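Peer 1: Below are the sequence and a predicted model for it; my questions follow.
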Amino acid sequence: MKVLIVEDSKVVRQRLQDMLAEQAGIDVVGTAETAQGAITQLSSYSPEAVILDLGLPEGNGFEVLQATQGLDPRPIVIVLTNFAFEQYRLLSLKLGADYFFDKSAEFEDAIAIVRALAVNQG
């Protein structure tokens, strides 16, 4: 499974990469720290899954979510954010997010979803 990580924090980006690298069947094809960088990489790498933070420079995660809507095939989008407010969860789901996790409380749950998706895909 090809995964794109979209996260503005270098530390969190590296942690996600390290955790996913341990899992067979997962290939992190790219990382982006800005919304515009993510939108560019969506078309360049055609990821099957995107781990997406909402708080990004040069835009925000909602813009990235909107950009995924026109892709075929559309990647699975896993929002992983510190902005785990109900209104953001609802908007994320409305814009096409498949999963929504609170980065401070559900980080491991988001990783578990990616692992499960990779196993089910293989």
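Peer 2: Received it, and whenever you're ready, just let me know what you need.

Peer 1: Buried residues in the longest helix along the chain, which are they?
Peer 2: Of all the segments of type helix in the chain, defined by DSSP state H, the longest one is helix 103-121. For helix 103-121, burial by neighbour count (16 or more other CB atoms under 10 Å) applies to Lys103, Glu106, Phe107, Ala110, Ile111, Ile113, Val114, Arg115, Leu117, Ala118. Backbone N, C-alpha and C define where each C-beta goes, glycine included.

Peer 1: my read: the third one touches Leu80, true?
Peer 2: So that's Phe107. Yes. Shown here, Phe107 and Leu80 form a contact pair, counting by CB atoms under 8 Å, at 7.0 Å.

Peer 1: Overlap in contacts, these two.
Peer 2: Taking CB atoms under 8 Å, 6 or more residues apart in numbering as the contact rule, Phe107 and Leu80 both touch Phe101.

Peer 1: So which residues of the protein form helices?
Peer 2: Along the chain, counting by DSSP H, helices occupy 10-21, 35-45, 61-68, 86-94, 103-121.

Peer 1: could you give the mean pLDDT of the first one?
Peer 2: If you average the pLDDT over helix 10-21, you get 96.

Peer 1: which helices and strands does it pack with?
Peer 2: strand 2-6, strand 27-32, helix 103-121 (3 or more CB pairs under 8 Å, 6 or more residues apart in numbering; DSSP states H and E).

Peer 1: which residues sit against it?
Peer 2: By CB under 8 Å, 6+ apart, the list of residues contacting helix 10-21 reads Val3, Ile5, Glu7, Ile26, Val28, Thr31, Glu33, Ile51, Asp53, Lys103, Ile111, Val114.

Peer 1: How many neighbouring residues does Asp72 have?
Peer 2: Number of residues near Asp72 (other CB atoms under 10 Å) recorded here: 5.

Peer 1: need the contact list for it.
Peer 2: The neighbours of Asp72, taking CB under 8 Å, 6+ apart as the test, come to nothing; the list is empty.
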